[in-house]
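Q: Below is the sequence, then the predicted model.
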Amino acid sequence: NWDLTDPESWIGIGFQTDENGLKYVNKIRIILYQDEDIECTLPSSLGNLKYLSEFGLGGIPNLRGSLPESIYNCPMRIMKIGQCPKFEDKLSPKIAQWKNTLVELTINQTSFYGEVPKEIGECQLLEYLSLNSNKFSGTIPAEIVKIPCGTIFLHHNEFTGIDWRIYTENIGYGDLQCAFNNFTGEIPQEVLESERWNRFHSFYPFNKGYGFTNYPLDENQLPK
């Protein structure tokens, strides 16, 4: 029931006023949580919203397609996408374009896939990072723990490995929560003997049929 002549009626759309008194969209937050069989996509023109700093989508079961590449041109502070299981994309290395603005990135319960780009480590203002319950795969980059946001949530994905330099070179600050992934291979002895390994190693339990062959599983060594 939007009145297209009255932006104040546009539910989920926020505005800011520029120096000339003109209103510009700076916030889109659409949360539906309904099962209506309505298919939709995001327009490529989304990136034309030069003031867009908060973008949120939730509970849109038939949202398809991907994030338009142009959205990385926006001064994004908060991006939250959840419960959009048919929404399929990769995180672009262009995420580094948000390094001076991004404070929260949440992508949960989508079909995002592929490797997490190492450029995410350039987003040093991030205060919260959650990439749970998607289809991310490949190796978790060491650069991700350079983000000074504490715990980073990566569980319920399809990661197969981790850059062990996080432990052997004690890179970064953060803890990784990585349970329910497709990890394979063997943990290097140098990692098992590292100081950081004794502080955090939250990989267990694994997805069925996967796991590090030498992961310590006695009750005194399981992650808390």
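A: That came in fine, so what should we check first?

Q: gap between the residue nearest the centre of the chain and residue 173?
A: Residue closest to the mean C-alpha point of the chain, counted by C-alpha atoms, centre = their mean, is residue 131 at 3.8 Å. Separation of residue 131 from residue 173 (C-beta to C-beta, to the nearest Å) stands at 18 Å. Quick note: C-beta positions are derived from backbone N, CA and C, even for glycine.

Q: Residue 159 is in contact with residue 135, isn't it?
A: No: counting by C-beta atoms under 8 Å, residue 159 sits too far from residue 135 to count as a contact (10.0 Å).

Q: More neighbours: which of the two?
A: residue 159 (24 against 14; other C-beta atoms under 10 Å).

Q: quick one: residue 72 and residue 192, what's the gap?
A: Note on residue 72: its distance to residue 192, by C-beta to C-beta, is 39 Å.

Q: Residue 97: what secondary structure?
A: Secondary structure, DSSP: H, G, I helix; E, B strand; the rest coil: residue 97 is helix.

Q: Verify the contact between it and residue 73 for me.
A: Yes: with contacts counted by C-beta under 8 Å, residue 97 reaches residue 73, the gap being 7.0 Å.

Q: what about residue 45, neighbour count?
A: 9.

Q: just checking, it is part of a helix?
A: Yes: using three-state DSSP, the assignment for residue 45 is a helix.

Q: contacting residues for it?
A: 68, 70 (C-beta atoms under 8 Å, 6 or more residues apart in numbering).

Q: Please tell me how far it sits from residue 68.
A: Distance of residue 45 to residue 68, computed by C-beta to C-beta: 8 Å.

Q: Report the contact partners of residue 145.
A: Residue 145 is in contact with 121, 152, 166, 171, 172, 173, 174, 176, counting by C-beta under 8 Å, 6+ apart.

Q: same deal with residue 100?
A: residue 125.

Q: pLDDT at it, what is it?
A: According to the prediction, residue 100 has pLDDT 96.

Q: what does residue 220 give?
A: 55.

Q: same check, this time on residue 35
A: pLDDT recorded at residue 35 is 63.

Q: So in that sheet, which strands flank the lengthiest strand in the chain, and in what orientation?
A: Criterion DSSP state E: the longest strand present in the chain is strand 23-31. Paired with strand 23-31 in the same sheet, following DSSP bridges, are strand 13-17 (antiparallel), strand 54-58 (parallel).

Q: Distance to residue 116 for those - can I get that in JSON lines?
A: Formatted as JSON lines, the strands paired with strand 23-31 follow (distance: least, C-beta to C-beta, whole Å):
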{"stretch": "strand 13-17", "distance to residue 116": "29"}
{"stretch": "strand 54-58", "distance to residue 116": "19"}
